[in-house]
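Colleague: no sequence for this one, just the structure:
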């Protein structure tokens, strides 16, 4: 129940559309093109573009974004799903 309320609240007040929402693990697939923020770039918000190699977060939802490893080896949290 809490998860459903959280998703509803999140989709109402988040400027990113629910399908491109990087906070929900079910929206992310291996091979997808995404934009991630790396740990050392969190203050600047600089995004890195790449394809998902591995999904590292096991939780269904993560408020700061699902952590993934890109094919280039970069690890970051998904901010936007491009395709």
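Modeller: Noted; the coordinates are in hand. The model shown is predicted, which means the values in this text are computed figures rather than measured ones.

Colleague: so in terms of bridging, what pairs with residue 75?
Modeller: residue 69 (DSSP bridges).

Colleague: and for it, the neighbour number?
Modeller: Using other C-beta atoms under 10 Å, residue 75 is surrounded by 15 other residues. Backbone N, C-alpha and C define where each C-beta goes, glycine included.

Colleague: doesn't residue 66 make contact with it?
Modeller: No: judged on C-beta atoms under 8 Å, residue 75 makes no contact with residue 66 at a distance of 11.5 Å.

Colleague: mutual contacts of these two, please.
Modeller: residue 56 (C-beta atoms under 8 Å, 6 or more residues apart in numbering).

Colleague: least trustworthy helix or strand in the chain by mean pLDDT?
Modeller: Here the helix or strand of the chain ranked lowest by mean pLDDT, DSSP states H and E is helix 2-13, holding a mean of 49.

Colleague: now the element after that one, going C-ward?
Modeller: The helix or strand immediately downstream of helix 2-13 is strand 33-37, counting by DSSP states H and E.

Colleague: can you list the strands that that following strand pairs with?
Modeller: Pairing partners of strand 33-37, with direction, according to DSSP bridges: strand 47-55 (antiparallel), strand 75-81 (antiparallel).

Colleague: give me the low-pLDDT residue ranges for this protein?
Modeller: 1-19 (pLDDT under 70).
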